[in-house]
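[1] the sequence and its predicted three-dimensional model are supplied below.
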Amino acid sequence: MPKRITKKISPEYFQAILDGQKKYELRLNDFEIEEGDTLVLEEYTSSDKATRKATGRTLEKKVTYLRKFKLSELQSALRCTTNELEEKGIKIISFN
């Protein structure tokens, strides 16, 4: 049965999703989520745990695709060295 998973999100990312520009979410793999689940994103004023406050705005998005990577798997998939990964980072590309 599909679940509802609630996560906090910063205003700039919330707005980009709301405007239809951002169609992905990058998160640490520290919670369970599957395709078909609903991701509830709650906008918070700051990423600083001591000062952040909920704005009251939320978005609900159905998870249609999910891919989990460990760092070594990501490095292998990108066919790069550890130094390249650390120096250049990664890009996430969204398209319609």
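    Received, thanks. All values derive from a computational prediction rather than experimental measurement.
[2] quick one: contacts of the helix or strand of the chain with the lowest mean pLDDT?
    Taking mean pLDDT, DSSP states H and E as the measure, the helix or strand of the chain with the lowest value is helix 71-78, at a mean of 87. Contact partners of helix 71-78, identified using Cβ atoms under 8 Å, 6 or more residues apart in numbering, comprise 69, 81-82, 85, 90. All C-beta spots, glycine's among them, are computed from the backbone N, C-alpha and C.
[3] what about 6 Å?
    Applying Cβ atoms under 6 Å, 6 or more residues apart in numbering, the external contacts of helix 71-78 come out as Leu85.
[4] then stretch 50-64?
    Contacts of stretch 50-64 (Cβ under 6 Å, 6+ apart): 17, 35, 37-46.
[5] again, only using 8 Å
    For stretch 50-64, contacts defined as Cβ under 8 Å, 6+ apart pick out 4, 8, 11, 14, 17-18, 25, 33-46.
[6] and those, which are buried?
    14, 17, 25, 33, 37, 39, 41, 43-44 (16 or more other Cβ atoms under 10 Å).
[7] in JSON lines, list those along with pLDDT.
    JSON lines is the format used below for the buried ones among the contacts of stretch 50-64 (pLDDT from 0 to 100):
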{"residue": "Phe14", "pLDDT": "96"}
{"residue": "Ile17", "pLDDT": "96"}
{"residue": "Glu25", "pLDDT": "93"}
{"residue": "Ile33", "pLDDT": "95"}
{"residue": "Asp37", "pLDDT": "96"}
{"residue": "Leu39", "pLDDT": "97"}
{"residue": "Leu41", "pLDDT": "97"}
{"residue": "Glu43", "pLDDT": "97"}
{"residue": "Tyr44", "pLDDT": "96"}
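[8] assign Lys91 to helix, strand or coil.
    Secondary structure, DSSP: H, G, I helix; E, B strand; the rest coil: Lys91 is coil.
[9] now whichever helix or strand comes after the least confident helix or strand of the chain: how far from the chain's centre is it?
    Per DSSP states H and E, helix 71-78 leads on to helix 82-88 as the next helix or strand towards the C-terminus. Centre-to-centre, helix 82-88 and its host chain are 21 Å apart (Cα atoms, centre = their mean, to the nearest Å).
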